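>>> Provided below for reference: sequence and predicted model.
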Amino acid sequence: MNYVVKNRELSWLSFNDRVLQEASDKTVPLIERIKFLGIFSSNMDEFFRIRVASLKKIARIDHSTHLSGITAAEALHLVHDKVVEQQKKFEKIYKGILKELSKEKIFIINESQLSHTQAAFVKKYFQRKVLPTMVPIMIDKIKEFPYLKDKNIYLAIRLSKNNGKEKVKHALLEIPTDVLPRFVELPAIGENKYIILLDDIIRYCLDDIFYIFNYDNYEAWTVKVTRDAELDIDNDVPGTLIDKVSQSLKLRRKGAPVRFVYDVNMPEYVLSYFTTRMHLSKQDLISGGRYHNFKDFINFPAINSKHLLYPNFSPLSNTHLKHKKSIIKVIAERDCLLHLPYNSFDFVLQFLREAAIDPKVTSIRITLYRLAKNSNVVEALINAAKNGKQITVSLELQARFDEKANIYWANKLEEEGVKVIHGIPSLKIHSKMCLITRMEKGKPVLYANI
């Protein structure tokens, strides 16, 4: 049998290409297509943080040919070319979506397209909401270039004077999308709805930030750094798994840059200034459009949107499981199949809450991988522990990008008397299982959710 082994990174990029296909599919509602661009962008961020970061490490120490017939260094070149190709396709799809939005009387505009009324609105919004969050860094005279956070976007700014008498200055400004919405709805004009990005609100008001320098020209381009986020857990070093993961998380924050995305319209001399100061190689550079962090587009505002979104989904009912009816009694008589998310997850929570207060239940054992910010599952388990049940939780500390949250939940559960198992160092527990022990007629009976 003849077969071709495809490089796993290129294979993954082909998968993400399918997400782009959904964004270009005109049978998909328009705002849902914008969300697919956001999913593509989020996927690409993780790809660079993990896959490309690992390839770069391998390329530095291993020059041998692997199963797919190429070296890690060759794979990096192919990945770079493929990413650039996909970025061009991405920008083309985005521009097409903007045209289709305009037919729906929805316009995403920038700072140069504001009406007088909208400009006044933007200035007021900036003064009231944005300016208090602004922390500009003047970088020309700083010896060490400031640390750029992973996942965040920045404006690379150039200040100049028309007469050329003042020396050009450069600054960096973090766009505060962690505290302010990325999209701001502007005053409508007739039936037309207008949206501006936070990036462009800041661009419009740069003179309100840098007024003390008395410059004429304020130019700004969005840039973004992606850093190595792979956790390096050293199992030869003594200490608990929670200690090792905590230490690795501290190192992750200082991960080496693996990608620098910049606005393709940034002049070469400005790009060169920033990349030289940051000690980046050409292999790290990816040109993009005016905006980065398209993952924020997953939360694109729903304007004029009833027909531009998929209809709201209502979970299907279950023939046997009902609210206010004991789930334990039902599954004592028969097995029940739930298909999530088509059936409601509330039945699982009801199962745990019922076990937490049932006097015949003696123990709950459960595996947890990712948890919600305000977890109802954890709430039910803590309640069960307070009611004297023996609770054992296997909590996976190595759930990628949820490690910090899971360490928090592990500590929280232990404080409430729950026995927590912190996973296995060289493996991940992905399975979702719960086992409840109930004493019936003097004998233990087991009820499970698998």
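Right, received. Where do you want to start? In this text the structure is predicted, and so the values were computed from the model without any measurement.
>>> so Glu440 makes contact with Pro359?
No - with contact defined as CB atoms under 8 Å, Glu440 does not reach Pro359; the gap is 11.8 Å. The way it works is simple: take the backbone N, C-alpha and C, and place the C-beta from them, glycine included.
>>> Report how many residues lie close to Asp263.
If you count neighbours by other CB atoms under 10 Å, Asp263 ends up with 20.
>>> Same check on Ser11?
For Ser11, using other CB under 10 Å, the count is 11.
>>> Next: Arg8.
The burial count for Arg8: 14, using other CB under 10 Å.
>>> For it, give me the pLDDT.
Note on Arg8: pLDDT of 86.
>>> And Pro315, by the same measure?
Reported pLDDT for Pro315: 87.
>>> same check, this time on Leu101
Reported pLDDT for Leu101: 94.
>>> Just to be sure, it is in a helix?
Yes - assessed with DSSP: H, G, I helix; E, B strand; the rest coil, Leu101 lies in a helix.
>>> List the residues that contact it.
For Leu101, the contacting residues are Leu30, Phe107, Ile108, by CB atoms under 8 Å, 6 or more residues apart in numbering.
>>> hang on, isn't the first one packed against Ile97?
Yes - here Leu30 lies in contact with Ile97, judged by CB under 8 Å, at a distance of 6.8 Å.
>>> Now do the helix or strand Ile196 falls within: distance to the chain's middle.
In the assignment (DSSP states H and E), Ile196 maps to strand 192-197. The chain centroid and the centroid of strand 192-197 are separated by 24 Å, computed with CA atoms, centre = their mean, to the nearest Å.
>>> Tell me which other helices or strands that strand touches.
Packing partners of strand 192-197 (3 or more CB pairs under 8 Å, 6 or more residues apart in numbering; DSSP states H and E): strand 106-108, helix 116-125, strand 183-189.
>>> List the buried residues for stretch 134-142?
Ile139 (16 or more other CB atoms under 10 Å).
>>> need the helices for this structure, in chain order.
8-24, 30-46, 53-61, 72-103, 116-125, 198-204, 206-209, 241-252, 268-277, 327-333, 346-357, 376-386, 403-415 (DSSP state H).
>>> Could you dump those helices into JSON lines with distance to Leu159 added?
Shown next, in JSON lines, are those (distance: least, CB to CB, whole Å):
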{"stretch": "helix 8-24", "distance to Leu159": "37"}
{"stretch": "helix 30-46", "distance to Leu159": "30"}
{"stretch": "helix 53-61", "distance to Leu159": "34"}
{"stretch": "helix 72-103", "distance to Leu159": "28"}
{"stretch": "helix 116-125", "distance to Leu159": "20"}
{"stretch": "helix 198-204", "distance to Leu159": "13"}
{"stretch": "helix 206-209", "distance to Leu159": "8"}
{"stretch": "helix 241-252", "distance to Leu159": "34"}
{"stretch": "helix 268-277", "distance to Leu159": "12"}
{"stretch": "helix 327-333", "distance to Leu159": "65"}
{"stretch": "helix 346-357", "distance to Leu159": "55"}
{"stretch": "helix 376-386", "distance to Leu159": "50"}
{"stretch": "helix 403-415", "distance to Leu159": "37"}
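>>> right, so the ones you listed: which one is the most enclosed?
Comparing these by mean neighbour count (mean count of other CB atoms under 10 Å), helix 198-204 comes out on top with a mean of 23.
>>> ok, back up a step: relative to Gln390, which of the contacts of Leu101 is nearest.
Checking the contacts of Leu101 against Gln390 with CB to CB, the nearest one is Leu30 at 52.5 Å.
>>> what about the nearest residue to the closest one once chain neighbours are set aside, how many residues close to it?
Leaving aside its sequence neighbours, Leu30 sits nearest to Leu308 (CB to CB, 6 or more residues apart in numbering; 4.5 Å). When neighbours are counted by other CB under 10 Å, Leu308 registers 19.
>>> just to revisit the earlier point, can I get the helices and strands packed on strand 192-197 in TSV with distance to Ser314?
Listed next are those as TSV, based on distance: least, CB to CB, whole Å:
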stretch	distance to Ser314
strand 106-108	27
helix 116-125	37
strand 183-189	27
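>>> could I get the ones you listed as CSV with distance to Gly417 and mean pLDDT?
Formatted as CSV, the helices and strands packed on strand 192-197 follow (distance: least, CB to CB, whole Å; pLDDT from 0 to 100):
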stretch, distance to Gly417, mean pLDDT
strand 106-108, 52, 95
helix 116-125, 49, 96
strand 183-189, 45, 94
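>>> so what strands line up beside the lengthiest strand in the chain?
In the chain, with assignment by DSSP state E, the single longest strand is strand 217-227. Sheet pairing for strand 217-227, assigned by DSSP bridges, gives strand 153-160 (antiparallel), strand 257-263 (antiparallel).
>>> how about those strands, which one is nearest Lys322?
The minimum distance between Lys322 and those falls on strand 153-160, with 47.8 Å, by CB to CB.
>>> Tell me which residues of that closest one come out buried.
The neighbour-count check on strand 153-160 (16+ other CB under 10 Å) flags Ile153, Tyr154, Leu155, Ala156, Ile157, Arg158, Leu159 as buried.
>>> Now render those residues as CSV, adding pLDDT and distance to Phe274.
Putting these into CSV (pLDDT from 0 to 100; distance: CB to CB, whole Å) gives the following:
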residue, pLDDT, distance to Phe274
Ile153, 94, 14
Tyr154, 95, 10
Leu155, 95, 11
Ala156, 94, 6
Ile157, 94, 10
Arg158, 93, 10
Leu159, 92, 14
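>>> In contact with Ile450, which residues?
With contact taken as CB under 8 Å, 6+ apart, Ile450 is in contact with Lys432, Met433.
>>> Ala410 too?
Contacts of Ala410 (CB under 8 Å, 6+ apart): Ile242, Leu395, Leu397, Val420, His422.
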